[in-house]
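K.L.:
no FASTA, just this:
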């Protein structure tokens, strides 16, 4: 019945034009929005327990709708915040198991695709330097292959394999050849070339860590398969980063996740953790194909497959269909990428110039600091700071965080930060004065008063408190002014599970109180007698202030809450 009600709700919302907002230029819902709506359970029955899964989809749909409205209005940064929240509401919901929940996985995949498409088509016009925060993992986009075997391609690949040396086992079979053909086709070669170009940013760092950990350099291509060298890539299974760690596995290898940062998205930390994880897997299975399979589906999955069949060989496990379908394709994809990379020109692939390696210096922050302030002080965009620090979730970097900044810019950053009180670095900004700018105009830009800017910068002269007119406090082009702006820290969201528990307790209390009132309802005479007694007692008792009564009630409530928490 609820499925029928869901479809009715979807059609009614679409018909009313409320799906994407009345002021939106587009009236058609995106595929992801339709999928999200299909997973929202309508609230048609009274006193029904809250469905955490449905609530997550509802919040995601609301953020997606708000993001589209912001995008249509030209508020591109607001749109990004909403789009990020739409993804986080799904991947952060503990009640959703993406490995078994096909509908949820399809919704997340389509959501990331639609967000990427919207950002690519619209946001590039506003700020081409800022990439989307979340990108879809390339592994999720590679199709199931049924290509026929090309004898010429087989001969070319075999020649490349025989001409190389190394301990990593490059193998050639029909499955690997199918993926070689895909990655050398028009569509697949775009994926290969894009990954190759981006790899320049991280290649030196990855190869250095692989060498330090004693691992084959060919494992570089595992990162290309996992993320396409996109440090903020996210998969349908909520794995994230250059090496696609899920949260629990990342924590096992030292990748911390806090309210402000997620080490899975730190390229160097994630690479070190991935190398150690792969080293452990190889030591466990003694075979690189099995180690890569275990990296994809988990060591327990591979162990069980070996125990069931008696085969400690990836290709046999693949043939017997005892490992997940994604894993059966995962190893051949890495093999194909490694083989093509031996000599891309032999397959007709013209390689572009690699992106230059990331070069940066670091500074450990003494206080929680806004990235906008850092960008202002260094005269660069926030996108450039984000690019160097993809592990920072929002605009705030926590105290003690090792911030990456452009080479030789630490002295300039320190000189600026030392002018800002540590407790103000969350909110304050810095502004470099341009020709023709006045203090009132700058103040209006940051929504503060000219007098506050003058006070923060100890500018001489008087500012009229009524008009804000500048008297004798001139500013010159090139001056850097501190801006005492304000910053509202977003309220911490109560998790769906917490909300569900709270609502259940409230409902239980209401039911209990109703039962007690109905079973112990006094007679009219008794009620009058009690009222008279209370009136006499009140006449004798001194009147306490309302504030004291309220405080005593609060104290009792807090004690009861504390007692219930300790009991749990």
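P.N.:
Sure thing, it's come through. All of these numbers come straight from a predicted model, not from anything done at the bench.

K.L.:
Give me the neighbour count for residue 174.
P.N.:
Per other C-beta atoms under 10 Å, the neighbour tally for residue 174 reads 11. Backbone N, C-alpha and C define where each C-beta goes, glycine included.

K.L.:
repeat for the one 5 residues further on
P.N.:
If you count neighbours by other C-beta under 10 Å, residue 179 ends up with 23.

K.L.:
For it, identify the helix or strand it belongs to.
P.N.:
For residue 179, the host element (DSSP states H and E) is helix 174-183.

K.L.:
On the C-terminal side of that helix, identify the next helix or strand.
P.N.:
helix 186-199.

K.L.:
what's that next one in contact with?
P.N.:
Defining contact as C-beta atoms under 8 Å, 6 or more residues apart in numbering, one finds that helix 186-199 is touched by 138, 141-142, 181-184, 220, 224, 228-230, 337, 340-341, 344, 349, 351-355.

K.L.:
now, which of the residues you listed lie within helices?
P.N.:
181-183, 220, 224, 337, 340-341 (DSSP state H).

K.L.:
what mean pLDDT does stretch 454-461 have?
P.N.:
The average pLDDT within stretch 454-461 is 84.

K.L.:
Just the buried residues of the helix or strand where residue 157 lies, please?
P.N.:
Under the criterion of DSSP H and E, residue 157 resides in helix 151-162. Neighbour-count burial for helix 151-162 flags 153-154, 156-157, 160-161 (criterion: 16 or more other C-beta atoms under 10 Å).

K.L.:
and the angle for that helix with helix 174-183?
P.N.:
For helix 151-162 against helix 174-183, the angle by axes from the mean of the first three to the mean of the last three C-alpha atoms, to 10 degrees is 100 degrees.

K.L.:
Give me the pLDDT value at residue 557.
P.N.:
Taking residue 557 on its own, its pLDDT is 39.

K.L.:
what does residue 3 give?
P.N.:
What the model reports as pLDDT for residue 3 is 34.

K.L.:
sec struct for the residue lying closest to residue 358 once chain neighbours are set aside, please.
P.N.:
Spatial nearest neighbour of residue 358, chain neighbours left out: residue 201 (5.2 Å); criterion: C-beta to C-beta, 6 or more residues apart in numbering. The three-state label given to residue 201 by DSSP: H, G, I helix; E, B strand; the rest coil is coil.

K.L.:
Just to check, residue 201 is in contact with residue 357?
P.N.:
Yes: judged on C-beta atoms under 8 Å, residue 201 makes contact with residue 357 at a distance of 6.2 Å.

K.L.:
Can you pick out the residue with more neighbours from these two?
P.N.:
Between residue 201 and residue 357, residue 201 has the larger neighbour count (other C-beta under 10 Å), namely 18 against 12.

K.L.:
Quick check: phi and psi at that one.
P.N.:
phi -70, psi -30 (degrees, to the nearest 10).

K.L.:
what sits against it?
P.N.:
Applying C-beta under 8 Å, 6+ apart, the residues near residue 201 are 229, 355-358.

K.L.:
sorry, back to before: for the buried residues of helix 151-162, give me a markdown table that also has distance to residue 402 and pLDDT.
P.N.:
Converted to a markdown table, the buried residues of helix 151-162 look like this (distance: C-beta to C-beta, whole Å; pLDDT from 0 to 100):
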| residue | distance to residue 402 | pLDDT |
| --- | --- | --- |
| 153 | 46 | 83 |
| 154 | 49 | 84 |
| 156 | 46 | 88 |
| 157 | 43 | 88 |
| 160 | 41 | 85 |
| 161 | 42 | 86 |
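
K.L.:
Need the residues you listed in JSON lines (columns: distance to residue 41).
P.N.:
Shown next, in JSON lines, are these (distance: C-beta to C-beta, whole Å):
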{"residue": "153", "distance to residue 41": "50"}
{"residue": "154", "distance to residue 41": "52"}
{"residue": "156", "distance to residue 41": "54"}
{"residue": "157", "distance to residue 41": "51"}
{"residue": "160", "distance to residue 41": "54"}
{"residue": "161", "distance to residue 41": "54"}
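
K.L.:
With that, I have no additional questions.
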